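K.L.:
Here is my input; please provide its structure:
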Amino acid sequence: MLSARSGKAIYRLALMMLLLPWPYFGCGSRLESAHANLPTNTVEGEKTVSNPLHPRIPAVAGLFYPAAPATLSRTIDELLVRVPVGQWPRLRGLICPHAGYEFSGFTAAHGYRIVMGRDFHTVIVLGPSHYAWFQGASVPDADAYQTPLGLVPISEKTRQLVGQGPFVLEPRCQVERPQWWRQGPRPAPAMGEDTPETWEHSVEVQVPFLQKTLTDFKLVPVILGQVDPEQVAQVLAGQLDDTTLIIASSDLSHYYPYAAATNLDQHCIQAILNLDLDAMKTQEACGKLPIMTLMSLARRYGWTPQLLDARNSGDVTGEKERVVGYAAIGFFEPAREAYTASDRKFLLELARQSLAQTATNGPLPAINHRSLPPELAATKGCFVTLTERGQLRGCIGNIFPQEPLYQAVEDNAQAAARRDPRFQPVQAGETDQIKIEISVLTEPKPLFFKSPEDLLAKLQPHEDGVVLKIGSRSATYLPQVWDQISDKTEFLDQLSEKAGCEPSAWRGRNTSVFIYHVEAFKESE
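P.N.:
Predicted coordinates:
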């Protein structure tokens, strides 16, 4: 827990950013050469709020990110597509930077690429206050959050927070207006009427990324003033469920030479990855309080932090005399694993031996099943996937349990090498270049749904493997396929085509769906 003295010191450190020259690339921006007015329309496909009573108007559109909707949408798309896809467990939280998109946007995209397609209904965004001096955690007096991409509804949970612990409703307070306030899109209130929301960018810059990566969510925006992050975490713990994502908005060190900044940021990142709150108190990050709030929640719930990307403005611009650090860090709920490291090693080695023997027309390995642990002798469905230089080379498996797991691994490794109709048989000279992944399946269970829309709502991207049956035809996608096809509709369209039907056939009445989950492991782990 922070003392009052240390809390004030941290808070004043954030406000010191006001004394630095503008424009800058930490908690600052670069003015667009041709400032565009905010549109009244929205990007096609974006969710909107009907006639909100009081939207929160953007403060930094055209400064930290493009004000034109089409340009903003394209900018975020271009950042997201540059991020490599990967397999991740259940995401619970993110740390993302909040500088201008041209500086920290690519790092932020590493976090939001994982958000794509996930089923979050509520997103809590915690940002530090850069311009306002106040006690507590401020939530906006608004019904919706406006960006050039449209309006995001502010969750009813936001108002419910007011009065709980340090949470307050957008107080009037001492505010030092940023040097760019006359260039911003937001009309300036009368002097003395400013609030923590009036000019703050730390929450706002996260929202367009959310609009591009989620389809239906409500926002809980929170700006932290002088506050104990543990108290904030205690209150927010009561708001969390499986469809809630929490984001801590923060840059790292500010305006050190490149080498010094890199060293400082490495220590800060390590404190976060270690969930070391005491060490974090001494680190340099303008969003230290939001980060410590997320760390407290991670310690409470057993979430595991993982570094997604780290760099600084010198890596982006080449100017290394005074740089600002950025990091994207995901917080994940640990997957429940049924198989030990020893079990996995045995099965992967068995698949490797089966592949080598198959490529040389030799017999499959002989296994003394009586010496195996029960988990490996249990009847299970499984898939064996072969890749060569990052490209699929074969994938065969059985969805429903048919034989003992060790035998299924042998048989499916052989079949993936020789009987996948999409590929030529694997040759002996290839085997050293091939990587193996094994996916052990839970038994598929029917997913009941009332309509195509209900089906879409019930699917869990990155978690559900899907068996789609349309009449007498069927096909499946493993959960790993969500990494390539994150949109639910596109996922089902392509699965329908895989089953030999029209893309929209899954919307028909003669459709049934089964869901399974996998425990996947590969040789590179």
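K.L.:
ok, residue 139 to residue 185 distance?
P.N.:
22 Å (CB to CB, to the nearest Å). Yep, even glycine has a C-beta here, placed from its N, CA and C like the rest.
K.L.:
which stretch of helix or strand covers residue 108?
P.N.:
Here residue 108 sits within helix 101-115, counting by DSSP states H and E.
K.L.:
what number of residues lie near the closest residue to residue 195 other than its chain neighbours?
P.N.:
Distances taken as CB to CB, 6 or more residues apart in numbering place residue 170 nearest to residue 195, at 4.7 Å, with adjacent residues excluded. For residue 170, the count of nearby residues is 19 (other CB atoms under 10 Å).
K.L.:
between the very next helix or strand once past the helix holding residue 108 and helix 101-115, how many degrees?
P.N.:
Sequence order places strand 122-128 as the next helix or strand after helix 101-115, per DSSP H and E. Comparing the axes of strand 122-128 and helix 101-115 via axes from the mean of the first three to the mean of the last three CA atoms, to 10 degrees yields an angle of 150 degrees.
K.L.:
Give me the helices and strands touching strand 122-128, please.
P.N.:
In this structure, strand 122-128 makes packing contacts with helix 207-213, strand 218-224, strand 244-249, helix 288-301, judged by 3 or more CB pairs under 8 Å, 6 or more residues apart in numbering; DSSP states H and E.
K.L.:
Identify the neighbouring strands of that strand in the sheet and state each direction.
P.N.:
Applying DSSP bridges to the sheet, strand 122-128 is found paired with strand 218-224 (parallel), strand 244-249 (parallel).
K.L.:
rewinding a little: check which residues of the helix holding residue 108 are buried.
P.N.:
For helix 101-115, burial by neighbour count (16 or more other CB atoms under 10 Å) applies to 101-115.
K.L.:
Just the CA trace of it, in PDB.
P.N.:
The C-alpha trace of helix 101-115 is given here as PDB (Å, rounded to 0.1, in the frame of the first residue of the first chain):
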ATOM      1  CA  TYR A 101      -0.400   6.400 -32.700                       C
ATOM      2  CA  GLU A 102       2.600   7.200 -35.000                       C
ATOM      3  CA  PHE A 103       4.900   6.500 -32.000                       C
ATOM      4  CA  SER A 104       3.300   3.800 -29.800                       C
ATOM      5  CA  GLY A 105       0.500   2.500 -32.000                       C
ATOM      6  CA  PHE A 106       2.400  -0.600 -33.200                       C
ATOM      7  CA  THR A 107       3.200  -1.600 -29.600                       C
ATOM      8  CA  ALA A 108      -0.500  -1.000 -28.600                       C
ATOM      9  CA  ALA A 109      -1.500  -3.200 -31.600                       C
ATOM     10  CA  HIS A 110       0.300  -6.100 -30.100                       C
ATOM     11  CA  GLY A 111      -2.100  -6.000 -27.200                       C
ATOM     12  CA  TYR A 112      -5.300  -5.400 -29.300                       C
ATOM     13  CA  ARG A 113      -4.400  -8.100 -31.800                       C
ATOM     14  CA  ILE A 114      -5.100 -10.600 -29.000                       C
ATOM     15  CA  VAL A 115      -8.400  -8.800 -28.200                       C
END
